[in-house]
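A.B. asks: Fold the following.
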Amino acid sequence: MFRLRDLILLIVIYSSLAAGVLFTRVMGVFQPLPLFCMMILLFLSFLPIRIGEIQHTIRNSALVISCFLFIRMILLPVIIFYIFRLLWPTYSLAALLLSGISTGVVAPFISGLLQANTSMVLVMVVSSSLLVPFTLPALVDSLCGQSMDISLWAMMRLLLLVVFIPVILAQVVRRFSQALTGSLIRNQFLISLFLFAITNLGIFSQYSEFFYQAPMTIVLAAVAAFALGFIYLVSGLVLTWGRQPEDRLAAVISLGLMNNVLVIVFSSQFFTPIEPTVAAMYMIPFFGLIIPLRAY
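C.D. replies: Next comes the predicted model:
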């Protein structure tokens with residue numbers, strides 16, 4: 001059943017998206033902040049989780065995790081790329097970038113909200129972040145013949161900053177301050193709402209001029225984003241057919257909630273405006289997946 005918290009989350013997400021587009025000058029001050037917001041979100045997601053729970057998940061599901069990682073990072077991005085290359089070639093690179101990037105730091109929060117297998121989602125966040133500097137540039141080069149001239153060390157350093165520092169800090173805080181840990185966990189939802197709003201204001205204020213100058217491009221990018229969201233939803237459910245509901249939810253979340261902010265950051269440097277625009281517009285189905293997943 002759809003819950004009040006889901007409704008509040010969606011209202012905050014989509015109203016902040018609109019505010020970023022409509023009030024560009026005022027909201028432009030938030031443009032440097034999305035990556036830092038993502039770090040804090042992952043820090044909050046790891047606070048309730050013990051490292052032992054993650055290790056237990058890895059030990060008991062090592063083969064399943066390995067197979068899913070191969071599908072998540074290589075096989076499915078290739079299939080989606082060729083589907084778009086056949087049906088909508090202009091957006092095939094954007095589809096590849098979004099499909100091949102690592103699972104997003106927001107995913108554990110959504111997993112907790114929907115009562116999915118959060119330990120599995122956290123494993124996917126960390127594992128896919130370790131793999132993506134090696135897999136995604138290779139996929140782009142081999143499938144598109146385009147080189148992502150990104151330093152491997154620079155990409156790993158960015159992922160280290162966004163993923164591993166929050167993970168380590170969460171365990172430190174959990175170990176040395178139970179009072180602070182409990183307070184942050186109790187207020188996680190409200191803090192997360194604030195961080196989501198700041199992220200959207202920063203991203204969409206940056207793209208607001210594009211909304212006015214090329215509205216049809218925005219519409220087409222949104223259509224591509226929703227098509228991808230549908231593919232991730234169906235793929236996650238099909239790949240986990242017969243498993244427990246919390247595992248099926250975790251699979252969809254791991255596929256559909258990716259680090260699209262990272263795609264925006266580096267695709268705007270190396271590719272056409274279409275790729276970062278699709279990544280930005282994916283914010284809409286990104287959180288909209290809550291609706292079908294809650295219904296499921």
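
A.B. asks: Tell me the predicted confidence for residue 213.
C.D. replies: Looking at residue 213, its pLDDT stands at 80.

A.B. asks: what residues are up against it?
C.D. replies: By CB atoms under 8 Å, 6 or more residues apart in numbering, residue 213 lies in contact with nothing. The C-beta positions use only the backbone N, C-alpha and C, and glycine is treated the same way.

A.B. asks: again with residue 16
C.D. replies: Per CB under 8 Å, 6+ apart, neighbours of residue 16: 196-198, 200-201, 204.

A.B. asks: In helices only, show me those residues.
C.D. replies: Among the contacts of residue 16, the members found in helices (DSSP state H) are 196-198, 200-201, 204.

A.B. asks: and which of these is nearest residue 144?
C.D. replies: residue 204 (27.1 Å; CB to CB).

A.B. asks: quick revisit: quick one: which of the contacts of residue 16 is nearest to residue 242?
C.D. replies: Of all the contacts of residue 16, residue 242 sits closest to residue 196, with 33.5 Å by CB to CB.

A.B. asks: Okay, now the unreliable bits of the stretch 51-200 of the chain?
C.D. replies: 146-155 (pLDDT under 70).

A.B. asks: now with 90?
C.D. replies: Along the stretch 51-200 of the chain, segments meeting pLDDT under 90 span 51-64, 104-106, 119, 122, 126, 129-134, 136-138, 140-168, 170-171, 174-178.

A.B. asks: any chance you could map the helices in it?
C.D. replies: All helices of the stretch 51-200 of the chain, identified by DSSP state H, counting those that start in this stretch, fall at 51-60, 62-70, 76-87, 92-100, 107-114, 118-144, 152-159, 165-176, 178-186, 188-206.

A.B. asks: out of those, nearest to residue 12?
C.D. replies: When those are ranked by distance to residue 12, counting by CB to CB, first place goes to helix 188-206 at 5.0 Å.

A.B. asks: which helices and strands does that closest one pack with?
C.D. replies: Applying 3 or more CB pairs under 8 Å, 6 or more residues apart in numbering; DSSP states H and E, we find helix 188-206 packed against helix 4-22, helix 24-27, helix 34-46, helix 260-270, helix 283-288.

A.B. asks: Flag every buried residue along it.
C.D. replies: 188, 192-193, 195-206 (16 or more other CB atoms under 10 Å).

A.B. asks: between those residues, which is nearest residue 78?
C.D. replies: Of those, the one sitting nearest to residue 78 (CB to CB) turns out to be residue 203, at 27.6 Å.

A.B. asks: residues near the nearest residue in space to residue 214 that is not next to it in sequence, how many?
C.D. replies: Excluding its sequence neighbours, the residue lying closest to residue 214 (CB to CB, 6 or more residues apart in numbering) is residue 273, at 8.0 Å. Residue 273: 14 surrounding residues under other CB atoms under 10 Å.

A.B. asks: same deal with residue 272?
C.D. replies: Other residues close to residue 272 by other CB under 10 Å number 12.

A.B. asks: Would you list the phi and psi of it?
C.D. replies: phi -70, psi 170 (degrees, to the nearest 10).

A.B. asks: for residue 117, same thing?
C.D. replies: Torsion angles, degrees, to the nearest 10, at residue 117: phi -80, psi 90.

A.B. asks: That one touches residue 245, doesn't it?
C.D. replies: No. With contact defined as CB atoms under 8 Å, residue 117 does not count as touching residue 245 (9.3 Å).

A.B. asks: In terms of neighbours, single out the busier of those two.
C.D. replies: residue 117 (23 against 13).
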